[in-house]
Structure formats: C-alpha cells, structure tokens
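Undergrad: I would like the atomic coordinates for the input below:
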Amino acid sequence: MPPDRSSSLSVLLLDPRRHRSHRYLLSIAETPEIALVGCARDLTQAYNLTEHEHPDLVLLAEEVTRLGNFPMYAAMLAALEVDCVVIAAGHSTAPGPYSSATDAEIDLSGGLGPFLAARCGLRRMTVPSGSGTGRDTGWKTVVIGASTGGVEALIRVLSDYPETGPPTLIVQHISANFLPGLAQRLDRHCAATVRPAAANDRLAPGLVLLAPGNDRHLSIVAPGHRCRLTPGAPVSGHRPSVNVLFHSAAALGPAAVGVLLTGMGRDGAEGLAAMRRAGSWTIGQDEASSTVYGMPRAAHQMGAVAQQLPISRIGSALLSAAAHSTERSRHG
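TA: Residues are numbered from 1 along each chain as shown. Purely as a prediction, here's the structure:
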C-alpha cells in the first residue's frame, strides 16, 4: 500500500551518493508532510519508480542532469507533469524549467524536508504519537527473513542501504559453517556494517546483524534497543527461525518494518502476520523474482503482506518505510 498522500507531498529522491542521500532521507523522515516514495541510485531505477509511483516531485542531484540519458528521463517527467528540484553542490543551477537549490540554501533553511515544505507551500502537520523507534535515530527497526535464494536477494536489498541505514536484524537459513563468509560477503556489498549478532548487541543505525549459527534463535528485546540470542527447539522447522524474530519485532508495532524474502516452506509467515496486526509495515518478495516462492507465498495468502514487490524494488521501499513517520493502515 503506498503512503497516504491526502495531505502530503510525495517525493522521489534520485542521488547516486549514499552519504549525501542518507542526510536527505533523515531530513525527509523528520518532516511528516513529505511522503518519500523511493530512493533511486541511477536513472534506470528513477524511471521505474517514477512510472510506478507517479510522485508529486523528484529531487535529484545536479550531476545526474549531465548524464547522456537524462533528457529521456526529463521528457518523462514533463509528460507526467512531475515537478523537479535539482540540488547543486555549488551554485544553483537547473536544466530547463526546473527549480533548483544549493546544499547551503537547504542547510540554512533547517534541512531538506522543511525546505521542500516551505517551497511547495505545505502546511505543518502533527507527527502521530507512537511513531518512530522511540530513539533519536531517524529510523525504524527492520527485520528480514530469507531462505533458499536468500543470499543473492539480501545482496540486492542491502546494496541500497546508506552508510548509516536503519538498524536491521536478519535470519537467513544457512549452515553455521557458511555464516561468517556470508556476513563478509554482505558487508562488501553494503555501505552499512554487516556482521553476525552477539548477545545483547545494541541496535543502532548503520549496523546489520545476522543470526549466528544454528543453535540459537535471534530476537529483539523490547522496546528494541538490544537483540537476544536464546537456545530452544526449532520453530517452524528452523533454528534460528524467522518466525521467532518477527514475533519479537511485533512488540515494536509501527516502529518496525518486516521483510520476507525468497525461501522454501512457511517460516516467517505467521510472524509477519503478527507484525502487520501490530501496525508494522510488511513487505514480501513477489513470485516472479523469488528463487522459491514458498515463504512469501504463505505470508501473502494469509494477508500478512502489505506490499508485494520484485527484489529490485524492495531496498528502496524498505528504506522509505523505515524512514517514514506517517502512520499506515494496519491492514493495508
């Protein structure tokens, strides 16, 4: 389900630089009248997201306008009547009829979100009570479950993360012998830090924790400040179990985002349903892009999935949901 746009400005961010785009994402998250519908790293992603989401405005880095295929994207924006603001690092420039701003102008105005709100004449809205993580991180807590085909899917999702992305916990069904190598591989593809979880690890922006080994379950200690590793029998046939992680994340309610990726069986479906009932935003991988459409299918059939997407779009959707402060319907 897309964000509620009845009284907000929907914005797509196009910026190839992770550090800079993360700063913009945090500012947008603090401005409830701005609804972020996606974060694109290149023009191909921007084209697809614009076509699907039809945002009110596209915010893009000035260097993107110098790319050879930008005129085609500009023509698409004109055809869809989508406004555009170009952010220049130095002096303010913009191609054609687009409005423009500099980083300095935005900083002086108190951040990107307030800048856009002021420029577009939006009224201030009250931030819903109970939104966010309860900590001044700018992010909700993200939990991800995956099994067969999950390694490549996780690489695709985590490659969209900025350096200080949302606190994230992952259960991937994999032999304990391969876990250290998996953590290193994911870390190479992710701007944030990826490593196996340790008992009582504090959840923090820029940290992605993997359930370690096959002898303990990974869960969250409410209100979400730390993770817990506990022994116990397999749940849904697995240890660690995605269901255990998701059920613990349900205690965070709207301050959590659940993502269920490709995998065989049903692990994670019931936990994702519990998260959705608690008000968390939930995302499932679609059948066409899944190696095995078992776990996400089970979740989708029981109504646990609020947003079903191809793997190519899950990273940006996850970041949008984790940064967005506007409440969504519990049942999509």
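
Undergrad: tell me which element the closest residue to Arg195 other than its chain neighbours is part of?
TA: For Arg195, ignoring the flanking residues on the chain, the nearest one in space by C-beta to C-beta, 6 or more residues apart in numbering is Ala183 at 5.3 Å. C-betas here are computed from N, CA, C, even on glycine. Here Ala183 sits within helix 179-189, counting by DSSP states H and E.

Undergrad: what's the first helix or strand after that helix?
TA: Moving toward the C-terminus from helix 179-189, the first helix or strand encountered (DSSP H and E) is strand 193-196.

Undergrad: packing partners of the helix or strand following that following strand?
TA: Next helix or strand after strand 193-196 toward the C-terminus (DSSP H and E): strand 207-210. Judged by 3 or more C-beta pairs under 8 Å, 6 or more residues apart in numbering; DSSP states H and E, strand 207-210 is in contact with strand 168-172, helix 179-189, strand 193-196.

Undergrad: who's in contact with the last one?
TA: In this case it means strand 193-196. 158, 179-180, 183, 186-187, 206-213 (C-beta atoms under 8 Å, 6 or more residues apart in numbering).

Undergrad: the residue nearest to Arg195 contacts Leu209, correct?
TA: No: Ala183 is beyond contact range of Leu209, at 9.3 Å (criterion: C-beta atoms under 8 Å).

Undergrad: around Val86, count how many other residues there are.
TA: Val86 has 23 neighbouring residues, counting by other C-beta atoms under 10 Å.

Undergrad: sheet partners, orientation included, of the helix or strand hosting it?
TA: Val86 belongs to strand 83-88 when elements are defined using DSSP H and E. In the sheet, strand 83-88 lines up against strand 57-61 (parallel), strand 99-102 (parallel) (DSSP bridges).

Undergrad: where among the ones you listed is average confidence lowest?
TA: Mean pLDDT is lowest for strand 99-102 among the strands paired with strand 83-88, at a mean of 50.

Undergrad: state the distance from the closest residue to Ser175 other than its chain neighbours to His173.
TA: Once flanking residues are discounted, Ser175 sits nearest to Asn214: 7.1 Å by C-beta to C-beta, 6+ apart. Between Asn214 and His173 the distance is 9 Å, computed by C-beta to C-beta, to the nearest Å.

Undergrad: no further questions, thank you.
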